[in-house]
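Visitor: Return atomic coordinates for the entry below.
(chains A and B)
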Amino acid sequence: MRILIIEDDAEAGAAMVRGLGEAGHETVHAADGALGLEAALKGGFDVLVVDRMMPNMDGLAAVETLRREGDQTPVLFLSALGEIDDRVTGLKAGGDDYLVKPYAFAELIARVEALSRRRETGAVATTLRVGELEMDLIGRGVRRDGKPIDLQPREFQLLEFMMRHAGQSVTRTMLLEKVWNYHFDPQTNVIDVHVSRLRAKLDKGFNRPMLTTVRGAGYRLDG
Amino acid sequence: MGLPQLFRTTPFRLTLLFLALFGAAAAAFLAYIYLSTVGEVTQLADRGVAQEARGLEAIYRAGGDAALLRRFAESSANDRPFLYLLTDAAGHRLGGSLAAAPISDGRGSGPIWMHFTRSARVTPEAGGGRRWAIGQTVRLSGGETLMVATDVTYAETFVSRIVRAMWGAAALVVLLGLGGGLLVSRNVNRSVARLNAVVAGVRGGDLRARVPLQGGRDEFDELGAGLNDMLDRLERSIASIRHAGDAIAHDLRSPLTRLRTRLEIALLDVEAGKGDPKAALAQALDDADALLATFTTVLAIARLEAAGATPKSASFDPSQLAADIAELYEPACEEHGLDFKAELTPGLSVRGDREFLAQALANLLDNAVKYTPRGGAIMLRSRRRSSGEIEFSITDTGPGVCDQDRGRIVQRFVRLENSRNQPGAGLGLSLVAAVAHAHGGRLELDEGPGKVGEFGPGLRVALVLPRAA
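Guide: Just a heads-up that it's a prediction; the model follows:
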C-alpha cells in the first residue's frame, strides 16, 4: 500500500515511516500541511495519515481542501485532542478515522489497513463472503460451509466488522469504537470475551480456526 | 472629575433631554393659557360692547346726541364703565370718556383692539397711561360715529403676569435641573467609578478586587454584587484549575519516576551484560501505556471537576444506556464465574453526557468484576427514586468496603490494602464521582446484600443523577 504521512514532527514522522514500512507499506512523508496537500493532490495514495495540528496549514484545512477537490482517498487523523467533540470535528472535515496520540504502532497499522480495505468493498453488497463463511446482510443469517451459525445481534455486528476487514488485524480499541461506539478503555477484558464467544460459535465443529488472536495487536479473521 | 467630563456623562445628557422636554411642555402650556384667557376675555368683552352699542343706538334714536351724552355721564359713575366717544360726521369729538379716537392695533377684523388714552376729565385717577380696550364703532343715522369700548387692561395684565411667572419658573427649573443633573451625574459617576476601579484591578491581575457595596439595594449595588459573585466564581474556577494542574503534576511524578528507574536499571543490566533488554523495554512500554492511561483519566477528572465545566448534555433513556453496558459486560462476568443480572426500569429519561456516564458505569462494573470472587453475583440496576432522581446502582457480593474507607476510596490514587494485587491506578471511582458531580448528582457507597457464607458483605455503589428538569 502507498501511504502519505503528513506530520510536522520529524521524529514522529520518521517513526511512522519505519513502522508502516516494516508492515510492508510504501510511505511518503510530507513535513507540513501545505506540502502534504500538494503531494496528496498529485494522487496515487491508498491512505493519508494526517496530523491534525501543523504549521502552515493544519490537517483539518488540508483535508477539507482535498475533499473539495473531489479527492476521496481515505484519511486517518492523528491528534493529541481526544475529546468526542474533537473526533466529530475531524470526521466532519472529511476524515475517515481518528486516532488519538500517543498510539501503538499496532493500532496505527491496523487502522491504516482497515481504511484501505474500506474503499474496495462495495457499499451496496448484500452478502459478505470470507472463505467458507457467508453473511447475508439482509436476512441477518450467517453460514459456515453451508452450516447456519446462530448469533446474537452484537455478535453479528462484530462478525460483520471482522468480515469487512478480513485478513487484517483489528484492535480491541477499534472494535470498541466501531462496533460498540465507546471511546474509553474498559479495564476488564470485555472485548476479548465477546470475541472468544464469537470464535467458539464460528469455529465449533471445524478443524481450522478462522478467527485468530494476533499477539500484541488484536484479532484477525481469515478465509 | 472635571466639569467638562461631567457634561459628557449619560445622566447629564439625560438631564438636558428632560429639560428640553420640560421646556417644550411649558411653552405649550403657556400658549394654551394665553390663547384661552385672551380668547375668553375678548369674547365676553365683545358681547358686552355689542349689547351696550345696541342700547345706545336705541337711546340715540329716541333722544339724539343730547340723550347719548347724558347717558355717558350717568354710566361713568358705574363700577366698570364702558368707554364712549361720539364724533360728528366731520370727525370732531362731541363727547364721551375717551379723549380721542383710539389707535387700533390692527389685529384684524371683528372687535377692535386698541390703545386708548382716557380723558382726564372722566377718570383723573387713572392718569394718562396707555391702556387696552376692546370696542366697536357704530355709524349713527345722523352721520355721527359712536365708539363703545371696554377696558380689558386687567386681562392683559393678568396674562402678562402669568407669562412673567412662567419665565421665572422656567429659569428656576433650568437652573435646578442643570444643578440636579450635575449632582446626579456626579453620584452615578462615583458609583460607576467604583465598578471601574474593580474592573481595572482585575484587568491588572488582581482577582481579589471586589466592589464595596453601599448596602442600599439600588441597581449599582446589584450590579456590584453581580460582579463580585462573578469574580468569586472566576477565582474559584481558576483556583480549581490551578489545583488540578498541581494534582496532575503530582500524580504523574511517581509513575514517571518508576518508569525512569526501570529504564535506568535496564540500561545498567545491559551494560553489565546481564538481563534481557527486550523484557525491560517491553515492561517500560507497558509502564508508559499505564502512565498515558492514568494521564488521560486524571485529565478527564480535572476537566470534570473544573468549576463551570458542564459535560455535553442530551436527553436519553438511562436504562437503554445501562442495557448497552450490561450487554458489553455480561460475557466478561460469566467468564469470571459471576452471576450477572440487570434490572432496568424502562421509560426513564435523564439529561447528561452519555459517553461519560457509560464510562462511569463501565468503571463501576470493572471494579465489581475485579473484586467479586468467583461464584459471586453482580446486579446492575437503573430506576427512578421516589424523589424523582435517576439512580444507577451496581451491587456485588465481594468483600465490600468498610465504613471508614468509603469516603476515602473516592479520592484519587487511593487503593485499599486488599486491592494491591489488582491492576489499576486508583482512579476509577474518582472519575465516577467527578462524572456524578459534573451532572449535579452524587455517588453513594453502601453495604451490599450482607454476609452470606464466604461472600459479602458486598458493596452497593449508586450513581444518583438529579431529576430531569
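Visitor: Between the two ends of stretch B:400-410, how far is it?
Guide: 14 Å (C-alpha to C-alpha, to the nearest Å).
Visitor: Sorry, slip of the keys, the one I care about is stretch B:437-447.
Guide: OK, stretch B:437-447 end separation, C-alpha to C-alpha: 22 Å.
Visitor: Pull out the buried residues from that stretch.
Guide: The neighbour-count check on stretch B:437-447 (16 or more other C-beta atoms under 10 Å in any protein chain shown) flags B:438-439, B:441, B:443, B:445-447 as buried. C-beta here means a position set from N, CA and C on the backbone, and glycine is covered the same way.
Visitor: and the spatially closest residue to residue A:197 that is not a sequence neighbour, what element?
Guide: Among residues not flanking residue A:197 along the chain, residue B:331 sits closest, at 5.5 Å (C-beta to C-beta, 6 or more residues apart in numbering or on different chains). Residue B:331 belongs to helix B:318-335 when assigned by DSSP states H and E.
Visitor: mean confidence score for that helix?
Guide: Regarding helix B:318-335, the rounded mean pLDDT is 94.
Visitor: With just CA atoms, put it into CSV.
Guide: Extracted in CSV, the C-alpha atoms of helix B:318-335 (Å, rounded to 0.1, in the frame of the first residue of the first chain):
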residue,chain,number,x,y,z
PRO,B,318,-30.7,5.7,31.2
SER,B,319,-32.0,2.1,31.0
GLN,B,320,-31.0,1.9,27.4
LEU,B,321,-27.5,3.0,28.4
ALA,B,322,-27.4,0.5,31.2
ALA,B,323,-28.6,-2.2,28.9
ASP,B,324,-25.8,-1.4,26.4
ILE,B,325,-23.2,-1.6,29.2
ALA,B,326,-24.8,-4.7,30.6
GLU,B,327,-24.5,-6.3,27.1
LEU,B,328,-20.8,-5.3,27.0
TYR,B,329,-20.0,-6.7,30.4
GLU,B,330,-22.3,-9.8,30.6
PRO,B,331,-19.9,-12.2,28.9
ALA,B,332,-16.9,-10.9,30.9
CYS,B,333,-18.9,-11.6,34.2
GLU,B,334,-19.7,-15.1,33.0
GLU,B,335,-16.0,-15.6,32.2
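Visitor: what lines up beside the helix or strand that comes right after that helix in the sheet?
Guide: Counting by DSSP H and E, the element after helix B:318-335 in chain order, helix or strand, is strand B:339-344. Strand pairing for strand B:339-344, using DSSP bridges, gives strand B:377-384 (parallel).
Visitor: now the angle from the partner strand to helix B:318-335?
Guide: 180 degrees (axes from the mean of the first three to the mean of the last three C-alpha atoms, to 10 degrees).
Visitor: Now do the helix or strand following strand B:377-384: distance to the chain's middle.
Guide: Later in the chain than strand B:377-384, the nearest helix or strand by DSSP H and E is strand B:390-396. Offset of strand B:390-396 from its chain centre (C-alpha atoms, centre = their mean, to the nearest Å): 43 Å.
Visitor: quick one: low-confidence ranges for chain A?
Guide: For chain A, the stretches with pLDDT under 70 are A:117-124.
Visitor: and it, what are its domains?
Guide: If you go by automatic domain parsing, the domain ranges for chain A are A:2-120, A:127-221.
Visitor: And chain B, by the same measure?
Guide: Split by automatic domain parsing, chain B gives B:3-158, B:219-305, B:314-465.
Visitor: how far does the first one sit from the chain's center?
Guide: Between the mean C-alpha location of domain B:3-158 and the chain-wide mean there is a distance of 61 Å, by C-alpha atoms, centre = their mean.
Visitor: what mean pLDDT would you report for that domain?
Guide: Here the average pLDDT along domain B:3-158 is 74.
Visitor: likewise the shortest one?
Guide: For domain B:219-305, mean pLDDT rounds to 82.
Visitor: Is it in proximity to chain A?
Guide: Yes: using C-beta under 8 Å from any C-beta of the partner chain, we find that domain B:219-305 touches chain A at B:289, B:292-293, B:296.
Visitor: can you list contacts of stretch B:327-344?
Guide: A:154, A:180, A:182, A:186, A:188-190, A:193-194, A:197, B:319, B:322-323, B:326, B:362, B:365, B:368-369, B:372, B:374-383 (C-beta atoms under 8 Å, 6 or more residues apart in numbering or on different chains).
Visitor: how about the residues of chain A that lie near chain B?
Guide: A:82, A:84-85, A:102, A:104, A:154, A:180, A:182-190, A:193-194, A:197.
Visitor: The residues you listed in helices, which ones?
Guide: Under the assignment DSSP state H, the residues of chain A next to chain B contribute A:84-85, A:154, A:190, A:193-194, A:197 to helices.
Visitor: So among those residues, which ones count as buried?
Guide: A:154, A:190, A:193-194, A:197.
Visitor: Can you add distance to residue B:54 and give the domains of chain A back as JSON lines?
Guide: Output for those, formatted as JSON lines (distance: least, C-beta to C-beta, whole Å):
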{"stretch": "domain A:2-120", "distance to residue B:54": "100"}
{"stretch": "domain A:127-221", "distance to residue B:54": "110"}
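Visitor: And for residue B:134, the neighbour number?
Guide: 25 (other C-beta atoms under 10 Å in any protein chain shown).
Visitor: Equivalent analysis for the one 4 residues further on, please.
Guide: As a burial measure, residue B:138 scores 17 neighbours (other C-beta under 10 Å).
Visitor: quick one: the strands in chain B?
Guide: For chain B, strands defined by DSSP state E occupy the ranges B:83-87, B:93-95, B:103-104, B:112-116, B:131-139, B:145-151, B:314-316, B:339-344, B:350-352, B:377-384, B:390-396, B:442-447, B:459-465.
Visitor: Out of those, which is closest to residue B:37?
Guide: strand B:131-139 (13.3 Å; C-beta to C-beta).
Visitor: Pull up the pairing partners for the closest one, direction included.
Guide: According to DSSP bridges, strand B:131-139 has these partners: strand B:112-116 (antiparallel), strand B:145-151 (antiparallel).
Visitor: picking that back up, now the two most distant members of the residues of domain B:219-305 next to chain A.
Guide: Most distant of the residues of domain B:219-305 next to chain A, by C-beta to C-beta, are B:289 and B:296, 10.6 Å apart.
Visitor: and residue A:96, what does it touch?
Guide: With C-beta under 8 Å, 6+ apart, residue A:96 has these contacts: A:74-76, A:115, A:118.
Visitor: of those residues, buried ones?
Guide: A:74-76, A:115.
Visitor: want to try JSON lines for those, with secondary structure as columns?
Guide: Listed next are these as JSON lines, based on DSSP: H, G, I helix; E, B strand; the rest coil:
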{"residue": "A:74", "secondary structure": "coil"}
{"residue": "A:75", "secondary structure": "strand"}
{"residue": "A:76", "secondary structure": "strand"}
{"residue": "A:115", "secondary structure": "helix"}
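Visitor: Show me which of those is closest to residue B:44.
Guide: When the buried ones among the contacts of residue A:96 are compared against residue B:44 (criterion: C-beta to C-beta), the nearest one is residue A:75, at 99.1 Å.
Visitor: just checking, that closest one touches residue A:91?
Guide: No: using C-beta atoms under 8 Å, residue A:75 is not in contact with residue A:91, being 9.6 Å away.
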